[in-house]
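Engineer: Here is the input, now give the coordinates:
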Amino acid sequence: MNKHTRTLATALVTTLALGVTGCSGGGKSGGSPDRKNPAASTNGAIVGGTPQKGGTLTVLSNQDFTHLDPARNWVMGDMDFGTRLLYRTLLAYKAEPGAKGGELTPDLAEDLGTSSHGAKTWTFRLKPGLKYEDGSPITAQDVKYNVERSFSPDLPGGPDYAARYLVGAEGYQGPAKGKHLDSVKTPDARTIVFELRKPFAEFPYATVLPTFAPVPASQDKGPQYDNRPFSSGPYKIDSYARDKQLVLVRNTHWDPKTDAVRKAYPDRIVVTMGLKANQIDDRLIAAAGADASAVAWDKLRPESTPKVLTRPEVRGRLLAESSSCTEMVQMHTGRAPFDDVRVRRAVQYALDREAILTASGGPALNDPATALMPASLFGGKQPDTLKIPLTGDPEKAKQLLKEAGKAGGFSTSITVSNGDKSVGEAIQQSLGRAGIKVTIETVDPSAFYDTIGDTKNRTDLVYTGWCPDFPSGSTFLPFVFDGRYIKEKGNSGNHSLFRDDATMKRMDAIAAMTDATQANKAWQELDGQILAKAPTMPVVIERRPLLLGTNVAGAFGHTSFGGQIDFATVGLKDPAKSTRR
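Structural biologist: Next comes the predicted model:
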């Protein structure tokens, strides 16, 4: 998923095989142990104690959400916000720091699901008494309807597990014309059955994704649903001015007795958008007035890091969990000159990952990447199959360009999010050493994935990341490198537009393996094989540094949401202070 996470695939599949009780342990991305890293002093801990009920929690943001429509929501932070506050899913991750945050728990469903037919059929039974924000009942048919909506060409960009696994998914275009998927059955209002075209023991983990949230057909407004999802969670939308402000208030029909995950401490949650990132940092460092009751949406800016790490009273309010997301430079392999593997390998050699790491906030907030998948999918340490120096090898890059008939270099362009402009400049400078002249195009974060997902009009290079949706190579390599799922609009993951028959054939063979250990090893080997074909170059494994106000309680970076604050549990120490200025 665009900016994702989790842990050891072997542990996951073993647990599922023992009865689908579902849990996974925590993993780190490599580098120095947390105890030596001043930025990671709060890792695995809850900051601020237990919140009190009430008050207004403010989220200070430099951007709007990419999507809140559950059929389209597949960006890490947005997923956390949507599934913890606005809508519930069949299963959920536990609201706990550290490794326990990777464990599954029932949400809308009564249990973790029942498999049959060799894990090709999965059945879930909904809890009784579940209601939407207007008091109407949540039904299995509503979950089916949202799964079907995820196929609509008018709603691109969302998780595509349904498209990859459901029987009869090929060519399906959603329910708009009255067509429905026979492979999703709802024998009654509380039972939903999924029929898969191949065994998928990890399917319970897929049902934490927003695709498996309910949407009543009567509320569906197509693309406009993005502006006002109908709540099945503890909060509902009071107002939403795009790029300016989102206000959430309590959903009085949400019953906490049915929900073991969400605590819903604040009375209101206000997301203030359009702020400058360094402005957010300075406001939260000072934590004056209402800002004491605020949290940051996006990462601490690299230039703000010294202001935080050198002051213990501020550093204690910093969350910096590993995101387990691999940041990489992806090259358009279907467009010259990047259709030549020698040119792509030249980029791999020219990149100065040390400079990019520094531009991303330095070694306290990042680790250099030496493989595609995060270390958590390699048993704790990434291999280094390319063995390219951390600072690159410009002379080797020039030699490869000469072999490709590009001895004089060439000009190209890269798209980066506004917040990654300094990273773009580091890439520009390092590629320039080999004669590759790079123009940087910056895009607002809320429009970034839609921009790079437009395969006809995007730049040659993009800087983006991927995180496993759950602890398995099956949620990383196929989503980033399987050419069969490339879309013209709303393309996700495979931003190198990599179509390689041998790679896709090997992915299918690994997916069919029944031995978890064998499959895990095969994914690890395939990682190096793909890197050798050079569709991309991994550069950084990030942490997610997020600063909190002094009045914030119950906060931790959730390992299953890329280190984002778990909005299921965060609240205020003294709600009365949240309205004082």
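
Engineer: what's near enough to touch Arg345?
Structural biologist: Neighbour list for Arg345: 400, 534 [criterion: C-beta atoms under 8 Å, 6 or more residues apart in numbering]. From N, CA and C alone the C-beta is placed, and that goes for glycine too.

Engineer: May I have the secondary structure class of it?
Structural biologist: Under DSSP: H, G, I helix; E, B strand; the rest coil, the three-state class of Arg345 is helix.

Engineer: so how far is Lys221 from it?
Structural biologist: 47 Å (C-beta to C-beta, to the nearest Å).

Engineer: can you give me phi and psi for the residue nearest to Lys144 when sequence neighbours are not counted?
Structural biologist: Spatial nearest neighbour of Lys144, chain neighbours left out: Val184 (4.7 Å); criterion: C-beta to C-beta, 6 or more residues apart in numbering. Dihedral pair for Val184: phi -110, psi 110, per degrees, to the nearest 10.

Engineer: ok, Val184 touching Phe194?
Structural biologist: Yes. The pair Val184 / Phe194 is scored as a contact, 5.8 Å apart, by C-beta atoms under 8 Å.

Engineer: neighbour-wise, which of the two wins?
Structural biologist: Using other C-beta atoms under 10 Å, the more surrounded residue of Val184 and Phe194 is Phe194, with 28 against 21.

Engineer: The more buried one: what's it in contact with?
Structural biologist: 121-123, 166, 183-184, 203.

Engineer: Pull out the buried members of the residues you listed.
Structural biologist: 121-123, 166, 183-184, 203 (16 or more other C-beta atoms under 10 Å).

Engineer: Common neighbours of Val184 and Phe194, please.
Structural biologist: In contact with both Val184 and Phe194: Leu166, using C-beta under 8 Å, 6+ apart.

Engineer: what are the ranges of the strands in the stretch 101-250 of the chain?
Structural biologist: Using DSSP state E, counting those that start in this stretch, the strands of the stretch 101-250 of the chain run over residues 104-106, 114-116, 121-125, 184-188, 191-195, 235-241, 245-250.

Engineer: In a strand, Val295, correct?
Structural biologist: Yes. Using three-state DSSP, the assignment for Val295 is a strand.

Engineer: Longest strand in the protein, by number of residues?
Structural biologist: As assigned by DSSP state E, the longest strand anywhere in the chain is strand 318-331.

Engineer: in its sheet, what does it sit against?
Structural biologist: Note on strand 318-331: by DSSP bridges, its sheet partners are strand 461-466 (antiparallel), strand 536-547 (antiparallel).

Engineer: For that strand, buried residues please.
Structural biologist: For strand 318-331, a neighbour-count test (16+ other C-beta under 10 Å) marks 318-331 as buried.

Engineer: same thing with stretch 531-545?
Structural biologist: Here stretch 531-545 shows 531, 533-545 as buried, counting by 16+ other C-beta under 10 Å.

Engineer: ok, which pair from these is furthest apart?
Structural biologist: Within the buried residues of stretch 531-545, two members stand farthest from each other by C-beta to C-beta: Lys533 and Pro545, at 33.5 Å.

Engineer: avg pLDDT for the lengthiest helix in the chain?
Structural biologist: Longest helix in the chain, counting residues (DSSP state H): helix 516-533. Per-residue pLDDT values over helix 516-533 give a mean of 96.

Engineer: Kindly report the same for stretch 562-581.
Structural biologist: Averaged over stretch 562-581, pLDDT sits at 91.

Engineer: neighbours around Cys250, how many?
Structural biologist: If you look again at residue 250, you'll see it is Arg, not Cys. 17.

Engineer: Thought Arg262 was touching it, still the case?
Structural biologist: No. Using C-beta under 8 Å, Arg250 is not in contact with Arg262; the gap is 11.5 Å.

Engineer: and for those two, which residues touch both?
Structural biologist: Pro234.

Engineer: Please report phi then psi for Asp515.
Structural biologist: Note on Asp515: backbone dihedrals following degrees, to the nearest 10 are phi -90, psi 120.

Engineer: So which elements touch the longest helix of the chain?
Structural biologist: helix 9-17, helix 477-481, helix 501-511 (3 or more C-beta pairs under 8 Å, 6 or more residues apart in numbering; DSSP states H and E).

Engineer: Can you flag the weakest of those helices by average pLDDT?
Structural biologist: helix 9-17 - the lowest mean pLDDT of the helices and strands packed on helix 516-533, at a mean of 31.

Engineer: hmm, back to that, between all of the buried ones among the contacts of Phe194, which two are separated the most?
Structural biologist: Within those (distances taken as C-beta to C-beta), the two that end up farthest apart are Thr123 and Leu166, at 14.3 Å.

Engineer: For Asn366, give the beta-bridge partners.
Structural biologist: Asn366 has these beta-bridge partners by DSSP bridges: Glu542.

Engineer: okay, now it: neighbour count?
Structural biologist: Using other C-beta under 10 Å, Asn366 is surrounded by 27 other residues.

Engineer: and it, how far is that from Ala512?
Structural biologist: According to C-beta to C-beta, Asn366 and Ala512 sit 36 Å apart.

Engineer: Ok, Arg499 next?
Structural biologist: Distance, Arg499 to Ala512, using C-beta to C-beta: 21 Å.

Engineer: Looking at the two, which one has more neighbours?
Structural biologist: Using other C-beta under 10 Å as the criterion, Arg499 and Ala512 rank with Arg499 on top: 16 against 10.

Engineer: secondary structure class for that one?
Structural biologist: Three-state call for Arg499 (three-state DSSP): coil.

Engineer: Am I right that it is in contact with Gly334?
Structural biologist: Yes. Between Arg499 and Gly334 there is a contact at 7.3 Å, judged by C-beta under 8 Å.

Engineer: and Ala509, what does it touch?
Structural biologist: For Ala509, the residues meeting the contact criterion (C-beta under 8 Å, 6+ apart) are Ala522.

Engineer: can you offset everything so residue one is 454?
Structural biologist: Taking 454 as the first residue, the last one we looked at is Ala962.

Engineer: how far away is it from Ala666?
Structural biologist: 33 Å.

Engineer: try Arg736
Structural biologist: 33 Å.

Engineer: Name the residue in the two with the higher neighbour count.
Structural biologist: For the pair Arg736 and Ala666, the greater number of neighbours falls to Ala666 (29 against 20), based on other C-beta under 10 Å.

Engineer: got a pLDDT number for that one?
Structural biologist: For Ala666, pLDDT reads 98.
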